[in-house]
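> okay, predicted coordinates and the sequence, questions at the end:
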Amino acid sequence: MEEKSKDPLHGKRLDAILEELVEYYEGFEKLGEQINIKCFTDNPSINSSLKFLRKTDWARVKVESLYLFVLRQKKRNETKNGK
């Protein structure tokens, strides 16, 4: 029997993470306020951001860390709202 990974990033694609963050922050403008990198603040798009994040480890780490924070926030809000 296979053990399920407890890592929330396991099996999660970078494009899915980025799309979820853009949705959570209601666009690139607010996402760029959270992580001030040019691919989020200067003519942003999913494709250009993915290209940059795939080449730039430090930026990808920041995005993954923010994603983990957002997951914790969502879980906390669900618990608070009794869902």
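Ah, there it is.

> contacts, neighbours, all on C-alpha from now
OK.

> look up the pLDDT of residue 36 for me, please.
The score at residue 36 is 95. That number is its pLDDT.

> list the contacts of it.
Applying CA atoms under 8 Å, 6 or more residues apart in numbering to residue 36 gives no contacts.

> Three-state assignment for it, please.
The three-state label given to residue 36 by DSSP: H, G, I helix; E, B strand; the rest coil is coil.

> same question, residue 53
Residue 53 is classified as helix under three-state DSSP.

> tell me which element the residue lying closest to it once chain neighbours are set aside is part of?
Closest residue to residue 53 apart from its sequence neighbours, by CA to CA, 6 or more residues apart in numbering: residue 60 at 5.1 Å. According to DSSP states H and E, residue 60 maps onto helix 57-80.

> look up how far residue 67 lies from the residue nearest to residue 53.
According to CA to CA, to the nearest Å, residue 60 stands 10 Å off from residue 67.

> follow-up on the earlier one: buried residues, the helix holding residue 60. List them.
59-60, 63-64, 66-68, 70 (16 or more other CA atoms under 10 Å).

> can I get the residues you listed in a markdown table including distance to residue 32?
Converted to a markdown table, those look like this (distance: CA to CA, whole Å):
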| residue | distance to residue 32 |
| --- | --- |
| 59 | 12 |
| 60 | 14 |
| 63 | 11 |
| 64 | 14 |
| 66 | 12 |
| 67 | 14 |
| 68 | 17 |
| 70 | 15 |
